[in-house]
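In: what's the 3D shape of this:
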Amino acid sequence: MTVFDAFRKVALACEGYGIERLSVSQTEESCTVDLLLRWGPGKPDVVLSFTDVYYLEVGRPPGSGAIPLMELAATVLEPGDDPWPAGLSIDLVRSSSLPPLLWFRAGGIIQMNIVSAIATAYQEIG
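Out: Below is the predicted model of the structure:
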């Protein structure tokens, strides 16, 4: 069991949710990405928060309105000297000195890749 397992469980259950807000915060110490995800009545809102972001990529067609997140995946990248997985184009040499990282991605109309050292999920209750 990894430190990312609880996050992965919540994040992967967000298939079909729409992005209500995407915010990026950069300080001298860290970069944080927050995704506010909303389904609508009947399912709780979710915030996926990524801290110590190593890579961020988002693509979507202009003027396409609300689009659900599809083809979600969350992969733990353990420290090591292997190359980055296919589909991930980070301009950083992968090494055993890096911490364990989480690679969160979405396919479909919205393309998203986020690699971070810390990932936290907040789920609306009640």
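
In: need the contact list for the residue nearest in space to the middle of the chain.
Out: Residue closest to the average C-alpha location in the chain (CA atoms, centre = their mean): F104, at 3.8 Å. Shown in contact with F104 (CB atoms under 8 Å, 6 or more residues apart in numbering): A11, L48, F50, L72, A73, A74, M112, N113, I114, V115, S116, A119. Using the backbone N, CA and C atoms, a C-beta is placed for each residue, glycine as well.

In: what subset of those is buried?
Out: A11, L48, F50, L72, A74, M112, N113, I114, V115, S116, A119 (16 or more other CB atoms under 10 Å).

In: from those, which single one is nearest T32?
Out: T32 has its nearest neighbour among the buried ones among the contacts of F104 in F50, at 6.7 Å by CB to CB.

In: please enumerate the helices of the chain.
Out: For the chain, the helices defined by DSSP state H cover 5-12.

In: which residue ranges of it form strands?
Out: Taking DSSP state E as the test, the strands found in the chain are 18-26, 31-38, 46-59, 70-77, 101-107, 111-123.

In: thought D45 was touching A121, still the case?
Out: No - distance between A121 and D45: 11.4 Å, which falls outside the contact criterion (CB atoms under 8 Å).

In: the two: who's more crowded?
Out: Neighbours were counted for A121 and for D45 using other CB atoms under 10 Å; A121 has more, 18 against 14.

In: is W103 in a bridge, and if so with what?
Out: Beta-bridge partners recorded for W103 (DSSP bridges): T75, V115.

In: distance of it relative to V24?
Out: 17 Å (CB to CB, to the nearest Å).

In: of the two, who's got more company?
Out: W103 (22 against 12).

In: contact partners for the more buried one?
Out: The contact partners of W103, taken as CB under 8 Å, 6+ apart, are A73, A74, T75, V76, L77, P85, L88, N113, I114, V115.

In: thank you kindly, that will do.
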